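1. below: sequence and its predicted model.
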Amino acid sequence: MNQARIWLVVKPTVGLPLFLGTVLLISLLVHYSVLSNTTWMAAFFEGGASAQVSQVAAPDAALAANREMTP
């Protein structure tokens, strides 16, 4: 850790709770902004209907032939 000397200035009993509290606050702010600015997140948490998944197209015959040629 290249900033180990910070604990000579700030006690770990003060610095660690301050650091972890800041991480918690930022995390809560990010989660709040995602929940308030998107419509799909709230529907996901409430168990809303899932989105329709489109069918994947079948591969071309040329791709299949190319696979057969490769060793």
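-> Thanks, I have it. Residues are numbered from 1 along each chain as shown.
2. and the helices in the protein, which stretches?
-> 12-37, 40-45, 61-69 (DSSP state H).
3. buried ones in the second one?
-> When neighbours are counted by 16 or more other CB atoms under 10 Å, no buried residue of helix 40-45 is found. All C-beta atoms are positioned from the backbone trio N, CA, C, and that covers glycine.
4. avg pLDDT for it?
-> Averaging pLDDT along helix 40-45 gives 76.
5. ranking helices and strands of the chain by mean pLDDT, which lands last?
-> Across the helices and strands of the chain, the lowest-confidence element by mean pLDDT, DSSP states H and E is helix 61-69, at a mean of 64.
6. quick one: closest of the helices of the chain to residue 2.
-> Minimum separation from residue 2 across the helices of the chain (CB to CB) falls at helix 12-37, 15.8 Å.
7. which secondary structure elements does that closest one contact?
-> Packing partners of helix 12-37 (3 or more CB pairs under 8 Å, 6 or more residues apart in numbering; DSSP states H and E): helix 40-45.
8. which other helices and strands contact the helix it packs on?
-> Against helix 40-45 (3+ CB pairs under 8 Å, 6+ apart) you get helix 12-37.
9. for the record, mean pLDDT for the helix it packs on?
-> Mean predicted confidence for helix 12-37 is 94.
10. as TSV, the helices of the chain with distance to residue 3 would be great.
-> Compiled in TSV, those are given as follows (distance: least, CB to CB, whole Å):
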stretch	distance to residue 3
helix 12-37	11
helix 40-45	35
helix 61-69	53
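11. compute the number of surrounding residues for residue 26.
-> For residue 26, the neighbour count with other CB atoms under 10 Å is 10.
12. how far away is it from residue 35?
-> 15 Å (CB to CB, to the nearest Å).
13. next one: residue 6
-> 34 Å.
14. also residue 17?
-> In terms of CB to CB, residue 17 sits 26 Å off from residue 35.
15. do the same with residue 5
-> Taking CB to CB, one finds residue 5 at 40 Å from residue 35.
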